[in-house]
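>>> A structural model of the following input is requested.
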Amino acid sequence: MPPEHPPDTGDMRLAKTRERFLTAEQVDPHHVRDSILASWWRSRRWNVAADRIDLAYRHAPDLDTPLTRSALPVLRHLRHHLDGQPISIILTDPTGLVLVRLDAGRDLDTHLDRVNLAPGFSYAEEFVGTNGIGTALEGGRPMHVFGHEHYAEHLEDLACAGVPIHHPISGKTVGAVDLTCWRKDADPLLLTLAKTTAGQIQQALLSDSGIQELTLLQEYLRTCRRTAGIVFALNNDVVMMNDIARHALDPAEQAVLLTQAAETLAGRNPAASLLVELPSGVKARMFCRPVRGEGLLSGGVVHVKLGEQPAGVRLDPGPGPRMFLPGLVGSGGLWLSGCHQVKSVYDTGTWLALEGEPGVGKLAAVRAIHQYERPAAHFAVVDAAAPGRGWLADVRRELAGGAGVLVIRHVDKISAAALEKLTKLLEQGGAAPPWVAVTLSPRHDGGELAGLLRFFPSTVELPPLRYHLEDVPALVSFFLSKLVTDGRLGCSPEAMQMLSRASWPGNVEQLWQVLRNIVQHRRGGTIQPGDLPAECRTVSRRLLSPLEAMERDAIVRSLQDWDGSKVKAAAALGMSRATIYRKIHEYGIVAPPRHA
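Numbering: from 1, shown residues only. Model prediction:
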C-alpha cells in the first residue's frame, strides 16, 4: 500500500461527493467533473458494485495481433525511459481486456493484481465502473481518473490516464494504452505521456500496415470524392465510414448494412447490387465493389442509396413524438423493427403469432396497423384467459362472421382441454374467416402449443420497454396528452430522468398506469420526482420478488417521511444504518433530497 498522506480539502470534498452519489443523495455537480459524473451514472445503470472488485478471468490474451506487434516495442521503450518509476504501462483491446501490463514495482503490481487489473481481465466500464481504461473507451477520448473519481472504492489510491488507440487508416478504435500509478505520485503530465504513447503506437500501426489495407484506403477515398451519399469500406480488420453514413444511419442500420456487405464480398459474386431492408422498414440499395491488392481480395467499397420509406414509417418525426403509425409511439430500433414486421405479416394476410412480455403493446400494435390499413373493417378482441368458456363461443362466432380482424389474447394461459377446442375451431374456420392473430408470452411451452401454432406460420416478438428506454420521453409526452387534453401538465427533467432509468418490468402498460395515477392528484403544472411512486424511484435492472418490492416501498416511504435522512429512516424501520445503505444500493433507490 502507498504511504499515508494527509488529504487536501478538494480530495475530501470529492470523497464526500462520491459517497453521497453512491447512497443516491443529491450531489453538487460543481464538486465533480462532468465527464466523471456521467460515468458514475453509467456505472450505476450497469449495477457495478462500488464496494468490491471481483472480476471473472475472460481468457488468455492473444499477443500475436497487429496491435500488440506494433505496440510492444513502443511500450518497452517507454518502460526503459521511466527508469524504474512506479508507473504501470497497460495495453488493452477495444473491449477493455488487458493484453499487456509491464512491471511497475512490487507494491504497485501486488495492488493491481489484487484489483484484477491484469492480463486476461476486462476493465470495461460496465464491469468496473469509472476508471482510466473503461471510461476512455466508453467516451472515445483521452481520460484521466484520479483517486476518488473512481467508482470502485478499491481503486481510490490510484491515478490512471487512458487513451484510446485508433487505427491510422480506418479510424476504428483498436485498443487503449493506460498509465497507472499511486494517487500520491500522480503528475499532471501523466495524461500527456499517455497521449504521446498512443500516437507512437498509431504511427507504428501505419508503418506496419500491409499493401492491402493501403489499397482499400485509396479506393475508399476515391469513391468518397466521386460519389455523393453513403460510402463505407471494410475488410476483416478495418471498417471505414463517411460522415453521411454516420449521420443518416443509426447503429442498428449500420450493423445490418455492414453484415450484408461482408457476406456479399465473401460470396461468389462480390461485385453485386442488392436491395436490403433496414430495421426501420426503409429499403436501401447497396452497390458492392471488391478491392484487390497484389492479386488478393483486400475487402470492398460499398455505396448505399436509401429508397423511399414504406407507408407509416416517418423518418422525420416532426414536432410530436415519432410514431410508426398513429398511436404507436417510439423510434427505438428494436421497436420499429418489430412493428414493421407485424405490418408486413398483416399485409400478406398470413395469420400471426405475436410474442412479448405483458404490457409491451402487442394488442396496440395490431390495432393501430388495422385502423391505418382498414379503419372501417370489423376488429374483435377475445381474451382466452377470461374466466369460463364463453370466450370459445366468441371465437366461433367471429370465425363464422368472416371479414375483419380477430385477436385472441393469452393463448399460452389456457388449459389443455380449451387449447384443443380452440385448435379445432381454427381448423374448421369458416367460408371466409377473418385475419387472426394470437398473443402469447415469449416463455410459453412450445410443445403444448405446437398444434395451435401450425395455423400461424409467422411469429413476431415485440421488445420489452427496457430494451428501448430511449422511447420513454416520447411515451410520457404522448400519454400525458391523452390524459390531460389541454396540455397543462408536463414532466420536469428530473422526473423524466427517473422515468427513463426505471426498469419497467410491466413495460409500457406499467408506464401508462403510473402516469394515470399521477394525474389523479396532479392535473396541471409539472410532474416532479416527489410525484412518482416508489416503483419509479429505483434504477434496479432485476425484477424484485414481492417481499423485496414491499421492503423497497417501505424504505422509500420512510425516507420521504424523514426528509431523506437515512439515519432516521433506518431507525423507524428497525434496521441499522449499514443495512439501509446496502438496501438503497441494492434496490437502486433514488433518495429524496434533504432540505435545509
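
>>> low-confidence regions, the stretch 351-500 of the chain specifically.
Applying pLDDT under 70 to the stretch 351-500 of the chain picks out residues 430-431, 443-446.

>>> which residue ranges of it form helices?
Using DSSP state H, counting those that start in this stretch, the helices found in the stretch 351-500 of the chain span residues 362-373, 390-401, 416-428, 446-453, 472-483, 493-501.

>>> what residues of the shortest one count as buried?
For helix 446-453, burial by neighbour count (16 or more other C-beta atoms under 10 Å) applies to 449, 452-453. All C-beta spots, glycine's among them, are computed from the backbone N, C-alpha and C.

>>> mind putting those into CSV with distance to residue 345?
Formatted as CSV, those follow (distance: C-beta to C-beta, whole Å):
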residue, distance to residue 345
449, 18
452, 17
453, 14
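
>>> quick revisit: so which of the helices of the stretch 351-500 of the chain gets nearest residue 245?
helix 472-483 (25.2 Å; C-beta to C-beta).

>>> any idea of the angle that closest one forms with helix 493-501?
110 degrees (axes from the mean of the first three to the mean of the last three C-alpha atoms, to 10 degrees).

>>> and of the buried residues of helix 446-453, the nearest to residue 110?
Closest approach between the buried residues of helix 446-453 and residue 110, by C-beta to C-beta: residue 449, at 57.6 Å.

>>> surely that closest one is in contact with residue 440?
Yes. Counting by C-beta atoms under 8 Å, residue 449 does reach residue 440; the two are 7.3 Å apart.

>>> anything in contact with each of those two?
Shared contacts of residue 449 and residue 440 (C-beta atoms under 8 Å, 6 or more residues apart in numbering): 411-412.

>>> contacting residues for the most centrally placed residue in the chain?
Geometric centre of the chain, nearest residue: residue 467, 6.9 Å, by C-alpha atoms, centre = their mean. Contact partners of residue 467, counting by C-beta under 8 Å, 6+ apart, are 332, 334.

>>> look up how far residue 338 lies from it.
10 Å (C-beta to C-beta, to the nearest Å).

>>> and for residue 375?
To residue 338, residue 375 is 22 Å away according to C-beta to C-beta.

>>> the more surrounded of these two?
residue 338 (27 against 8; other C-beta atoms under 10 Å).

>>> pretty sure that one sits against residue 366.
No. With contact defined as C-beta under 8 Å, residue 338 does not count as touching residue 366 (11.7 Å).

>>> spatially nearest residue to residue 31 (excluding sequence neighbours)?
Once flanking residues are discounted, residue 31 sits nearest to residue 17: 4.3 Å by C-beta to C-beta, 6 or more residues apart in numbering.

>>> which parts of the helix or strand hosting that neighbour are buried?
Assigning secondary structure by DSSP states H and E places residue 17 in helix 9-22. Residues 11, 13-15, 17-18, 21-22 are the ones in helix 9-22 that count as buried (16+ other C-beta under 10 Å).

>>> what do you get for stretch 21-30?
Buried residues in stretch 21-30, counted by 16+ other C-beta under 10 Å: 21-22, 24-25, 27.

>>> dump those to a markdown table, plus distance to residue 422 and pLDDT.
Listed next are the buried residues of stretch 21-30 as a markdown table, based on distance: C-beta to C-beta, whole Å; pLDDT from 0 to 100:
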| residue | distance to residue 422 | pLDDT |
| --- | --- | --- |
| 21 | 54 | 90 |
| 22 | 53 | 89 |
| 24 | 49 | 81 |
| 25 | 54 | 83 |
| 27 | 56 | 82 |
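
>>> out of those residues, which is nearest to residue 102?
Of all these, residue 102 sits closest to residue 22, with 32.5 Å by C-beta to C-beta.

>>> looking at it, the closest one is touching residue 585, isn't it?
Yes. Shown here, residue 22 and residue 585 form a contact pair, counting by C-beta under 8 Å, at 6.7 Å.

>>> quick one, helices of the stretch 151-300 of the chain?
190-208, 211-226, 243-248, 251-265.

>>> same check on the stretch 1-150 of the chain?
In the stretch 1-150 of the chain, the helices defined using DSSP H, counting those that start in this stretch lie at 9-22, 34-45, 66-82, 106-114, 125-128, 132-139.

>>> most tightly packed of these?
Ranked by mean neighbour count, the helices of the stretch 1-150 of the chain are led by helix 132-139 with a mean of 27 (mean count of other C-beta atoms under 10 Å).

>>> straight-line length of stretch 34-54, end to end?
Terminal residues of stretch 34-54 lie 27 Å apart, using C-alpha to C-alpha, to the nearest Å.

>>> can you tell me what sits against it?
18, 21-22, 27, 29, 32, 115-116, 125-130, 135, 138-139, 143, 145, 149, 151-155, 501, 539-541, 585, 588.

>>> change it to 6 Å
With C-beta atoms under 6 Å, 6 or more residues apart in numbering as the test, stretch 34-54 has contacts from 21-22, 115-116, 126, 129-130, 135, 149, 151-152, 154, 539, 541.

>>> quick one: average confidence on that stretch?
Stretch 34-54 comes out with an average pLDDT of 88.

>>> go on, stretch 556-576?
Stretch 556-576 shows a mean pLDDT of 82.

>>> list the buried residues of that stretch.
Using 16+ other C-beta under 10 Å as the test for burial, stretch 556-576 gives 556, 558-559, 562, 564-566, 569-570, 573, 575.

>>> likewise for stretch 363-381?
364-372, 380-381.

>>> go on, stretch 190-205?
Burial within stretch 190-205, assessed by neighbour count using 16+ other C-beta under 10 Å, is assigned to 190-191, 193-194, 197-202, 204-205.

>>> now swap in stretch 258-266 and tell me
Residues of stretch 258-266 classed as buried by neighbour count (16+ other C-beta under 10 Å): 258, 260-262, 264-265.

>>> stretch 450-463 now?
Within stretch 450-463, the residues that qualify as buried are 452-453, 456, 458, 460-463, counting by 16+ other C-beta under 10 Å.

>>> and residue 551, how close does it get to residue 574?
Taken as C-beta to C-beta, the spacing of residue 551 relative to residue 574 amounts to 12 Å.

>>> returning to that earlier point: nearest to residue 532, of the buried residues of helix 446-453?
Among those, residue 449 lies closest to residue 532 (C-beta to C-beta), at 38.4 Å.

>>> show me where the stretch 301-450 of the chain has strands.
Here the stretch 301-450 of the chain has its strands, by DSSP state E, counting those that start in this stretch, at 323-325, 328-329, 352-355, 379-383, 405-409, 435-440.

>>> err, the stretch 451-596 of the chain, not the other one
Along the stretch 451-596 of the chain, counting by DSSP E, counting those that start in this stretch, strands occupy 458-461, 489-491, 525-527.

>>> show me the two of the buried residues of stretch 556-576 that sit farthest apart.
Largest separation among the buried residues of stretch 556-576 by C-beta to C-beta: 564 and 575, giving 16.3 Å.

>>> returning to what we had before: using JSON lines, lay out the buried residues of stretch 450-463 together with distance to residue 70.
Below are the buried residues of stretch 450-463 laid out as JSON lines (distance: C-beta to C-beta, whole Å):
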{"residue": "452", "distance to residue 70": "59"}
{"residue": "453", "distance to residue 70": "54"}
{"residue": "456", "distance to residue 70": "55"}
{"residue": "458", "distance to residue 70": "50"}
{"residue": "460", "distance to residue 70": "47"}
{"residue": "461", "distance to residue 70": "44"}
{"residue": "462", "distance to residue 70": "46"}
{"residue": "463", "distance to residue 70": "41"}
